[in-house]
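J.: The following block contains a protein sequence and its predicted model.
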Amino acid sequence: MEATDAKAGPDWSIQDVARLAGTTSRTLRHYDEIGLLKPSRVGSNGYRYYDGAALLQLQRILLLRELGLGLPAIAEVSRRQTDPAKALGRHLEWLAREQERLTKQMASVRQTIETLKDGGDMVAEKMFDGFDHTQYKDEVEERWGKDSYAKSDAWWRGMGAVEQREWKSRAAKLGNDWIAAAGSGLSPAGPEAQDLARRHVAWLTSIPGTPAAEDGGDVKGYVVGLAEMYVADARFAANYGGEQGAGFVRDALLAYAEKRL
């Protein structure tokens with residue numbers, strides 16, 4: 001680290017920044033080349049130097065990379081969110097939700113390990129805490145009829161344990177990707193969110209008994225109705241990090257339905 005002059009704050013060389021951030025000088029040069037992270041100055045020796053504002057931008061980039069965003073999406077977010085404190089606040093909210101999710105998973109695994117060590121019987125409710133495929137039974141029957149629920153229920157119960165775990169894993173991945181996108185500041189109508197909407201609709205159409213899965217079914221009406229329900233019902237909203245995240249999912253699905261369905 002070095003001070004540039006009496007008025008300017010300290011800055012750090014590209015080598016120092018790479019070491020501190022756990023990245024490489026090559027990556028930082030690439031970020032400069034694509035306009036994602038410009039150095040605050042370039043020395044007479046050609047070395048890049050970064051001040052506090054540049055480090056803040058780098059922190060945001062690395063956080064968004066952790067969320068799974070590509071560099072073009074990160075560039076879009078950076079253009080849209082000019083208030084760094086607000087942007088980092090949203091990142092912090094996402095990290096808190098992720099911490100809570102991982103804490104639950106860790107507790108579940110610890111419980112399983114203790115059960116195995118003690119030679120006890122596995123308790124499914126503890127292993128898969130929080131998952132109940134019947135919890136929306138009344139809503140499904142009221143909106144789409146008892147036959148719809150019966151078909152979906154039979155489909156689910158007809159799966160083996162491994163198939164159920166794989167399906168739940170895919171559903172959880174989709175939910176986490178929605179939460180990450182909502183916390184990143186992306187536009188619901190942007191390409192990243194619209195790709196999530198495409199995956200979401202494909203997921204819905206894979207579940208027997210739903211209007212989206214039936215030949216000639218009202219897929220658009222079904223998707224729009226669910227999108228609104230995600231926000232209106234706190235149980236649904238919880239799957240997407242709360243009302244704000246659910247609102248992002250709704251807006252993305254509505255945009256997708258309008259253009260694609």
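T.: Received the coordinates, thanks.

J.: And residue 240, what's its pLDDT?
T.: According to the prediction, residue 240 has pLDDT 85.

J.: Give me the nearest residue to it, chain neighbours excluded.
T.: residue 246 (4.6 Å; Cβ to Cβ, 6 or more residues apart in numbering). Heads up, the C-betas are built off the backbone N, CA and C, glycines and all.

J.: elements contacting the helix or strand that contains that neighbour?
T.: According to DSSP states H and E, residue 246 maps onto helix 243-260. Secondary-structure packing of helix 243-260 (3 or more Cβ pairs under 8 Å, 6 or more residues apart in numbering; DSSP states H and E): helix 161-184, helix 191-205, helix 219-232, helix 234-237.

J.: Report the distance from that helix to the chain centre.
T.: Chain-centre distance of helix 243-260: 14 Å, with Cα atoms, centre = their mean, to the nearest Å.

J.: Identify the residues contacting it?
T.: Residues outside helix 243-260 that contact it (Cβ atoms under 8 Å, 6 or more residues apart in numbering) are 178-179, 181-183, 188-189, 193-194, 196-198, 200-201, 220, 223-224, 226-228, 230-231, 234, 236-237, 239-240.

J.: Return a ChimeraX selection command for the buried portion of these.
T.: Of the contacts of helix 243-260, the buried ones go into a single ChimeraX selection, burial set by 16 or more other Cβ atoms under 10 Å:
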select :178,179,181,182,183,188,193,194,196,197,200,201,220,223,224,226,227,230,231,236,237,239,240
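
J.: on that earlier part again, measure the residue nearest to residue 240 to residue 81 for me?
T.: Between residue 246 and residue 81 the computed distance is 20 Å (Cβ to Cβ, to the nearest Å).

J.: Which of the two has more residues huddled nearby?
T.: residue 246 (26 against 16; other Cβ atoms under 10 Å).

J.: Okay, the more buried one and residue 233: tell me how far apart.
T.: 9 Å.

J.: now residue 89
T.: 26 Å.

J.: Over to residue 252?
T.: 18 Å.

J.: what about the two, which has more around it?
T.: Taking other Cβ under 10 Å, residue 252 and residue 233 do not tie; residue 252 has more neighbours (27 against 13).
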